[in-house]
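Visitor: need a structure here:
(2 chains)
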Number of protein chains: 2
Amino acid sequence: MELPSKLLENAVNEIAQLPGIGKRTALRLALHLLKQPNTQTETLVTSLAKLRSEIQYCSNCHNIADATRCEICNNTTREASVICVVEDVRDVMAIENTGLFKGHYHVLGGKINPMEGVGPSQLNINTLVEKVKSGAVTEIIFALSSTMEGDTTNFYIYKQIQECNIITSTIARGIAIGDELEYADEVTLGRSLIHRIPFEKAIKQV
Amino acid sequence: MELPSKLLENAVNEIAQLPGIGKRTALRLALHLLKQPNTQTETLVTSLAKLRSEIQYCSNCHNIADATRCEICNNTTREASVICVVEDVRDVMAIENTGLFKGHYHVLGGKINPMEGVGPSQLNINTLVEKVKSGAVTEIIFALSSTMEGDTTNFYIYKQIQECNIITSTIARGIAIGDELEYADEVTLGRSLIHRIPFEKAIKQV
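Guide: Purely as a prediction, here's the structure:
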């Protein structure tokens, strides 16, 4: 695809570096911006530049924040001693949307993934272990993806805080609400049998 | 979806204004940029800002250009008297990719579309009519989309240059190369029968 202008070509190449956006989509977006008033591109450009240069990460939980501490950690009505360990910022938002968790979070920034060159030192694991060892934590909930990498990360952290006298748990794996049994995979179905819930407890949570 | 930061929220809202990009994709793109080095965002931002502020439109054909005249109009080996009328810049690139057209283009910038409030005055029709009336043009090829709006635009322009003694044509409509007849719609198939091509002429073009 030969473009009629170097400026357009540069812009298309830059946009096409974003994940999930190919050259054709990038061209469509660039031509769209050219058809819109100048101000739209200006606000887009300033908001992106500001985002990248001014964003901060919460010193306590590594969540994205506008200040040195995020709103969740600053909220004094939340229990600071219960910590939910998640992979990234989107997981914090997903759990916040349930409205069922009133503790603090700890954002790891990824999972241990040797295949992609992500080791424990690249993740925010040390600060979590220190927090636990300082005695400020009573419970840790692991809320990572149910994949090999997620399980490895859970286990790696668990090993380091094993000695500390705290409650550890992982979010339940089982049949999703609304799912038909016949389409569930065997592993999930098998685990949901082993970790069955007392019926009196289950009906209370409905 | 409540975001943990105002900066992130602004960026997501701006990205989500682009066509085909929703809030979720916008968030994914913004978080991707945050994970990449600062320089990636910087080059993206500068290329977009430069594109919007420095881009020019060819004074002759209204194609996108880095100078006052585009490369096609500057190319003296091309026939300036044969003009292919297209809707937008992407159509120029599509026809250039065929390598079969050696004339000049005229980019209208859209089609007449009263439903969306696009009238002839918003398009680059006057400059085309002037060019034809000046006597510099011998042939006009209409290469607009085969839609109601495309046909209307063709006809509107044709009416204005009817008096001038030039050849006018429109690109052939028919069965696409590689298409199975049984799946072709009746209108296309019917037209391809009416505008059938002498066999000797057809085999020469293979």
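Visitor: rest of the way, CA atoms for contacts and neighbours
Guide: Will do.
Visitor: Just list the residues touching residue A:183, thanks.
Guide: For residue A:183, the contact set (C-alpha atoms under 8 Å, 6 or more residues apart in numbering or on different chains) is empty.
Visitor: what about it, distance to chain B?
Guide: Distance of residue A:183 to chain B, computed by C-alpha to the nearest C-alpha, to the nearest Å: 27 Å.
Visitor: so what's that residue scoring on pLDDT?
Guide: At residue A:183, the pLDDT value in this model is 87.
Visitor: What residues sit buried inside the strand ranked longest in chain A?
Guide: Across chain A, the longest stretch assigned as strand under DSSP state E is strand A:79-86. Using 16 or more other C-alpha atoms under 10 Å in any protein chain shown as the test for burial, strand A:79-86 gives A:80-86.
Visitor: cool, stretch A:179-187 as well?
Guide: For stretch A:179-187, it's none, nothing buried (16+ other C-alpha under 10 Å).
Visitor: how long is that stretch from one end to the other?
Guide: End-to-end distance for stretch A:179-187, by C-alpha to C-alpha, to the nearest Å: 15 Å.
Visitor: Contacts only, for the residue nearest the centre of chain A.
Guide: For chain A, residue A:88 is the residue whose C-alpha lies nearest the centre (C-alpha atoms, centre = their mean; 2.2 Å). Counting by C-alpha under 8 Å, 6+ apart, residue A:88 makes contact with A:63, A:107-110.
Visitor: So what does residue A:146 have for phi and psi?
Guide: Main-chain torsions, residue A:146, degrees, to the nearest 10: phi -90, psi 60.
Visitor: Could you report the distance from it to residue A:174?
Guide: Separation of residue A:146 from residue A:174 (C-alpha to C-alpha): 11 Å.
Visitor: between these two, which one's more packed in?
Guide: residue A:174 (17 against 11; other C-alpha atoms under 10 Å in any protein chain shown).
Visitor: pretty sure that one is in a helix, no?
Guide: No. Per DSSP: H, G, I helix; E, B strand; the rest coil, residue A:174 lies outside any helix segment and is coil.
Visitor: tell me the contacts of the nearest residue to it once chain neighbours are set aside?
Guide: Nearest-residue entry for residue A:174: residue A:192, 4.7 Å, with adjacent residues in sequence omitted and distances by C-alpha to C-alpha, 6 or more residues apart in numbering or on different chains. The contact partners of residue A:192, taken as C-alpha under 8 Å, 6+ apart, are A:173-175.
Visitor: one step back: heading C-terminal from the longest strand of chain A, find the next helix or strand.
Guide: Following strand A:79-86 in sequence order, the next helix or strand is helix A:89-98 (DSSP states H and E).
Visitor: Could you list the buried residues of that next one?
Guide: Buried residues in helix A:89-98, counting neighbours by 16+ other C-alpha under 10 Å, are found at A:89-92.
Visitor: ok, back up a step: indicate each strand paired with the longest strand of chain A and its parallel or antiparallel sense.
Guide: In the sheet, strand A:79-86 lines up against strand A:103-107 (parallel), strand A:139-142 (parallel) (DSSP bridges).
Visitor: And the longest one, how far out from the chain middle?
Guide: Same thing as strand A:103-107. 11 Å (C-alpha atoms, centre = their mean, to the nearest Å).
Visitor: re the thing from before, ok, and what's touching the longest strand of chain A?
Guide: Residues from elsewhere that reach strand A:79-86 (C-alpha under 8 Å, 6+ apart): A:73, A:92, A:102-108, A:136-144.
Visitor: Now list the buried members of these.
Guide: The neighbour-count criterion (16+ other C-alpha under 10 Å) marks A:73, A:92, A:102-108, A:137, A:139-144 among the contacts of strand A:79-86 as buried.
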